[in-house]
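> the amino acid sequence is not available; the structure is as follows:
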């Protein structure tokens, strides 16, 4: 198919994608597919050679190129589904090798130092509840800001969250998190201007993920942690500490909402590294 023919199917594809993917993903896919189409000359066909050439032209790193290729493959699958394309030219394009980095986390003492410090600031109960939920339930920042009051079941200790790809799952929280949430709701939460979001700003509007990042950074810097943790750092810490204390990998995968077990297995590398460090420091033969 030529660039003109392809362009006619971009909007239908994105409308279909929006049903199951986030607005952020839709924007990214729009940008990638538009870029690919614009890279084609008037008479060029969408083939594996054209896709490889476009990926090289972007100059992106492996992770970004993998995302771009994923966007193209999704677009091609859509074209095949509506029967305007029979072959898949992206099948002959290998995904760029991407070295997966070990997740950054805080150790248990560092997490305790951050969470157990004295209240400070204008909304300490709200901010404490944010931190306790990030670490106590292992949720993403985007999931946290989407929580409504009706999603919380204090009796069962569960929260219903909407994860990636608009997939719903149930996460668990313990006593400390429960107390923090109850204290915030009873004493600091202001009425919302719309709906029933759990976390609202002083104007009654739903929190943004950027504000969540600010809260985490402020509480970490207040004790002079020496690190700049993100909300995702607390999620990584949640998973790492569960594995350290004997939780099985499938359980952690379910709690985190990972589609692939391979993603969750990254946390086992963290635990193995810690075991190696412990042996190096404590085993009498390690220093010989």
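In hand now; what should we look at? Source: prediction; values computed, not measured.

> and the closest residue to residue 189 other than its chain neighbours, what does it touch?
In space, and not counting its chain neighbours, residue 189 is closest to residue 200: 6.5 Å by CB to CB, 6 or more residues apart in numbering. Glycine gets a C-beta too; all of them are placed from N, C-alpha and C. Contacts for residue 200 (CB atoms under 8 Å, 6 or more residues apart in numbering) come out as 189, 190, 192, 206, 207.

> quick check on those: which are buried?
189, 192, 206, 207 (16 or more other CB atoms under 10 Å).

> restricted to helices, list the contacts of residue 200.
Nothing among the contacts of residue 200 maps onto helices, per DSSP state H.

> still on that earlier bit, now render the buried ones among the contacts of residue 200 as JSON lines, adding distance to residue 243.
Compiled in JSON lines, those are given as follows (distance: CB to CB, whole Å):
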{"residue": "189", "distance to residue 243": "33"}
{"residue": "192", "distance to residue 243": "37"}
{"residue": "206", "distance to residue 243": "32"}
{"residue": "207", "distance to residue 243": "29"}
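
> pull out the buried residues from the helix or strand hosting residue 24.
In this structure, residue 24 sits in helix 23-39 according to DSSP states H and E. Judged by neighbour count using 16+ other CB under 10 Å, the buried positions of helix 23-39 are 25, 26, 28, 29, 30, 32, 33, 36, 37, 39.

> then stretch 227-239?
229, 230, 231, 232, 233, 234, 235, 236, 237, 238, 239.

> contact partners of that stretch?
103-107, 110-111, 114, 131, 134-141, 144, 209, 212-213, 216-217, 220-221, 252, 255-256, 264, 267, 270.

> for stretch 36-52, same thing?
Taking CB under 8 Å, 6+ apart as the rule, stretch 36-52 contacts 1-4, 6-7, 10, 53-54, 57, 68-69, 72, 76, 89-93.

> the buried residues of stretch 227-239 in helices, which ones?
231, 232, 233, 234, 235, 236, 237, 238, 239.

> which two from these end up farthest apart in space?
Farthest pair in those (CB to CB) is 231 and 239. Separation: 13.5 Å.

> just to revisit the earlier point, kindly reformat the buried ones among the contacts of residue 200 as a markdown table containing pLDDT and distance to residue 172.
Output for the buried ones among the contacts of residue 200, formatted as a markdown table (pLDDT from 0 to 100; distance: CB to CB, whole Å):
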| residue | pLDDT | distance to residue 172 |
| --- | --- | --- |
| 189 | 95 | 22 |
| 192 | 93 | 25 |
| 206 | 94 | 23 |
| 207 | 92 | 22 |
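
> what about these, which are in strands?
Within those, no residue falls in strands by DSSP state E.

> pLDDT below threshold where in the stretch 51-200 of the chain?
Low-confidence segments of the stretch 51-200 of the chain, defined by pLDDT under 70: 60, 96-103.

> now do the helices in it.
62-81, 108-115, 124-137, 141-145, 175-187 (DSSP state H, counting those that start in this stretch).

> just checking, what packs against the longest one?
Think helix 62-81. helix 10-18, helix 23-39, helix 48-58 (3 or more CB pairs under 8 Å, 6 or more residues apart in numbering; DSSP states H and E).

> nearest to residue 183, of those helices?
Shortest distance between residue 183 and the helices and strands packed on helix 62-81, using CB to CB, is found for helix 23-39: 32.5 Å.

> what is the mean pLDDT for that closest one?
Here helix 23-39 scores 87 as its mean pLDDT.

> could you check the angle it makes with helix 62-81?
Taking axes from the mean of the first three to the mean of the last three CA atoms, to 10 degrees, one finds helix 23-39 and helix 62-81 inclined to each other by 80 degrees.

> please name the nearest non-neighbouring residue to residue 111.
residue 237 (5.6 Å).

> make that residue 142, sorry
Excluding its sequence neighbours, the residue lying closest to residue 142 (CB to CB, 6+ apart) is residue 209, at 5.6 Å.

> what does the model give the one you found for pLDDT?
91.

> ok, residue 265 next?
The per-residue pLDDT of residue 265 was computed as 66.

> one more: the one 4 residues further on?
We note a pLDDT of 60 for residue 269 in this prediction.

> offset the numbering so it begins at 266, please.
In the new count, where the first residue is 266, that last one comes out as residue 534.

> what degree of burial does residue 384 show, as a neighbour count?
9 (other CB atoms under 10 Å).

> gap between it and residue 453?
Computed with CB to CB, to the nearest Å, the distance linking residue 384 and residue 453 is 11 Å.

> shared neighbours of the two, anything?
With CB under 8 Å, 6+ apart as the test, residue 384 and residue 453 both reach residue 390.
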